[in-house]
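Novice: Below are the sequence and a predicted model; questions follow.
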Amino acid sequence: MPFSILATGFVAGLALIVAIGAQNAYVLRIGLSAKTGTVTAVVLVCAVSDTALIAAGIAGIGALTELAPPVLVVLRLAAIVFLLVYGALSLRRALRSPETLEAANASPPRLWPAVLTVLAFTWLNPHVYLDTVLFLGSIGNQFGDQRWWFWLGAAAGSWAWFLALGFGARALRPLFAKPWTWRVLDALIALIMLVLATVLIVELVHGA
């Protein structure tokens, strides 16, 4: 087994996934406030999606993204609307009466809304196709017949990260027993969403 290729894939996958983004911020909030079943479902959606997207890049499907710029435009428009709406909701939560851990536990996020939301964060993000499919796919294909070992390593990195983020968030619950920390978290999430929406708007204007 080529451990060096596995390790390269693992590190490359983590390098792209660990960066704070809309998906990670949402998984963190779910990990803090949702029931175990909901956290598990959200983590699985993220990890399985990444596994499939990286596989698509390794299989050479990434080239299709370059041949279909209108698809990226539609994705950017949908992502902008989604990020602005979710960012506004997060800002509203940050500005109203501070949430407490007890309140979050009393009305945790429901399963299907959480799953649909994280699906939107994952599949409406045009950068996921450029980074995960094209970037990781191009690196993996440099290994020729052993490229699927790279895929396995990158996928393992994704699984490790989302499992740690989703279930490791519970270690932060003592911190979130203080109401002001929820306000800070929601303000940070709102900032991330609005910044990402702005980046997508700039890309859309410059690409027009």
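Specialist: On my side now, so go ahead.
Novice: C-alpha only now, for contacts and for neighbours.
Specialist: Will do.
Novice: List the buried residues of the longest helix anywhere in the chain.
Specialist: Ranked by number of residues, the top helix in the chain under DSSP state H is helix 179-207. Counting neighbours by 16 or more other C-alpha atoms under 10 Å, one finds that the buried residues in helix 179-207 are 179, 181-183, 185-197, 200-201, 204.
Novice: host element of the residue nearest in space to the middle of the chain?
Specialist: Within the chain, one residue has its C-alpha closest to the average C-alpha position: by C-alpha atoms, centre = their mean, that is residue 23, at 2.8 Å. In this assignment (DSSP states H and E), residue 23 forms part of helix 22-33.
Novice: Run through who's touching that helix.
Specialist: Residues outside helix 22-33 that contact it (C-alpha atoms under 8 Å, 6 or more residues apart in numbering): 18, 38-39, 42-43, 101, 104-105, 108-109, 114, 118, 121-122, 162, 165-170, 172-173, 189, 192-193, 196.
Novice: what's the burial count for the closest residue to residue 18 other than its chain neighbours?
Specialist: Spatially, and ignoring its direct neighbours in sequence, residue 18 is nearest to residue 161 (7.1 Å; C-alpha to C-alpha, 6 or more residues apart in numbering). Using other C-alpha atoms under 10 Å, residue 161 has 20 neighbouring residues.
Novice: show me what contacts residue 161?
Specialist: Contacts of residue 161 by C-alpha under 8 Å, 6+ apart are 14, 17-18.
Novice: List buried residues within the residues you listed.
Specialist: The neighbour count (16+ other C-alpha under 10 Å) marks 14, 17 as buried among these.
Novice: Using ChimeraX, define a selection of the buried residues within the contacts of helix 22-33.
Specialist: Filtering the contacts of helix 22-33 down to the buried ones (16+ other C-alpha under 10 Å) takes a single ChimeraX command:
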select :38,39,42,43,101,104,109,114,118,121,122,162,165,166,167,169,170,189,192,193,196
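Novice: In strands, which of the contacts of helix 22-33 fall?
Specialist: Nothing among those maps onto strands, per DSSP state E.
Novice: Among the contacts of helix 22-33, which ones are in helices?
Specialist: Among these, the members found in helices (DSSP H) are 38-39, 42-43, 101, 104-105, 114, 118, 121-122, 162, 165-168, 189, 192-193, 196.
Novice: Burial check on residue 151, number of neighbours?
Specialist: Neighbour count of residue 151, defined by other C-alpha under 10 Å: 30.
Novice: check contacts around it.
Specialist: Contacts for residue 151 (C-alpha under 8 Å, 6+ apart) come out as 6, 9, 51, 54-55, 58, 140.
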